[in-house]
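**Q** Starting from these lines, generate the structure:
(one chain, ligands or ions: 2)
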Amino acid sequence: MLRRVGGPLDVETLDLAPPKADEVLIRIGAAGVCHSDYHVITGQAAHELPVVLGHEGAGEVIEIGARVKGIVPGDHVVLSWIPYCGECSFCTRARTHLCRSYQAQLSNGTMMDGTCRFSSADGPMRHLSMLACWSETIVVPQQSCIVIDKAVPFEVAALLGCAVTTGVGAVLNRAKVEQGAVVAVIGAGGVGLSIIMGAKLAGAAQIIAIDAVPDTEPLARDLGATDFLLAGEDVAARIAAMTGHGADHVFEAVGKRTLQRAAIDYCRPGGQVTFVGLDADDATIALPSTRITRSEITVTGSIFGSACTTRDFRRYARHFMEGDLPIDRLIGRRYTLDRINQAIDDMLAGQAGRSVILFGMDAP
Ligand SMILES: [Zn+2]
Ligand SMILES: [Zn+2]
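**A** Residues are numbered from 1 along each chain as shown. Ligands and ions are numbered 1, 2, ... in the order given. Modelled structure (predicted):
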């Protein structure tokens, strides 16, 4: 858990209250390590402390509250960090990822009733995104649980909970990349690699990966990139030379203002730029407004793959089972929970692929 901004994380035993009527007790099987957790550690994403981190996870249902429906003990679930109400104007227009019904609790790090289930001698501990997946057992709202096929390994299922859905969904749901399209992807971390997998699934003809770390090239190519450019190598000119007019679709998966601005220069007239990475909450960039008008470039964003999680977690799990989304190859190193600080350091050092924390019998 995180007790102070800057970390490191403490690994210790906490008390966990049983699930309330609308809640579910989960034994975590696997949890991914995401840059968004790191942003909480650094304070870039401000959060009440102390908090148990981890928002990308999957596990087995152990116990359910009295009002829980459609979930039974023994089910395997992927956890969603955007639970939705199903009734508001966003949810009824199939934009469940924009549901604001639980925003206050999500930013406070409490459960839906405003209280916490974790506690220690110094008092309550908050739950990141009502999940806190970097823990052996957790209590979550039933709205956060999406039941999936038990044949999907936990380490694959966990990555559906953030990186894969964020990347693949940005391609399929938001940008709606067409068959034969030219796609440029800035950043080849967990989300960028998922965008590459999604672009391949959509039938893109050319997928250009751009990253600052040369070691990421083999995995980017393995997952579908046809070209790899090292950041800083006059990327705009090289993309123009490779494509003629620029890419049909450009995705920024790092969350850096300079790269978001550069993305617009990689895009062809009539093309679309989709911001997927998150910079600081108050980040702004200056747009080349005349060129946007003359070239009809669309600049948009996508949060959590613009996903309807109940539909998309299962859809992407099916694609994995059918061999169309090789999520298992996205996994980088595997760790036990006591090495969580090492896993974060390795991610920052540019370790290729998504790092995964494994629990119980799956632990390395
Ligand atoms: Zn994440
Ligand atoms: Zn809603």
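**Q** number of nearby residues for G189?
**A** G189 has 24 neighbours, counted by other CB atoms under 10 Å. (Glycine included, C-beta is placed from N, CA and C.)
**Q** Please report how far the residue in the stretch 101-250 of the chain positioned nearest to ligand 2 lies from R315.
**A** As assessed by CB to the ion, ligand 2 sits closest to S101 within the stretch 101-250 of the chain, at 4.7 Å. Here the criterion is CB to CB, to the nearest Å. By it, S101 lies 24 Å from R315.
**Q** Kindly report the same for R4.
**A** 40 Å.
**Q** Where do the strands of the stretch 101-250 of the chain begin and end?
**A** 118-120, 123-127, 137-141, 145-148, 182-186, 206-211, 227-230, 247-252 (DSSP state E, counting those that start in this stretch).
**Q** The second one to strand 137-141, inter-axis angle?
**A** Orientation of strand 123-127 against strand 137-141 (axes from the mean of the first three to the mean of the last three CA atoms, to 10 degrees) gives an angle of 70 degrees.
**Q** on that earlier part again, who has more neighbours, R4 and R315?
**A** For R4 versus R315, neighbours defined as other CB under 10 Å are more numerous around R315 (18 against 11).
**Q** what about that one, which SS state?
**A** helix (DSSP: H, G, I helix; E, B strand; the rest coil).
**Q** Up against ligand 2, what does the protein have?
**A** When proximity is defined as CB under 5 Å from the ion, the chain approaches ligand 2 at Y84, C85, C88, C91, C99, S101.
**Q** who in the chain is up against ligand 1?
**A** C34, S36, C162.
**Q** check contacts around the first one.
**A** Taking CB atoms under 8 Å, 6 or more residues apart in numbering as the criterion, C34 is in contact with H55, E56, C162, A163, G190.
**Q** With V156 instead?
**A** Listed by CB under 8 Å, 6+ apart, the contact set of V156 reads A317, F320, I327, D328, I331.
**Q** Which of the residues you listed are buried, as a PyMOL select command?
**A** Burial among the contacts of V156 is assessed by 16 or more other CB atoms under 10 Å; the matching PyMOL selection reads:
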select buried, resi 317+320+327+331
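**Q** ok, so of the contacts of V156, who is nearest ligand 2?
**A** Closest to ligand 2, out of all of the contacts of V156 and judged by CB to the ion, is A317, at 23.4 Å.
**Q** Hmm, the closest one is touching I146, no?
**A** No - in this structure A317 lies outside contact range of I146 using CB atoms under 8 Å: 9.3 Å.
**Q** anything in contact with each of those two?
**A** V78.
**Q** Stretch 149-168: end-to-end distance?
**A** Stretch 149-168 has its terminal residues 19 Å apart, counting by CA to CA, to the nearest Å.
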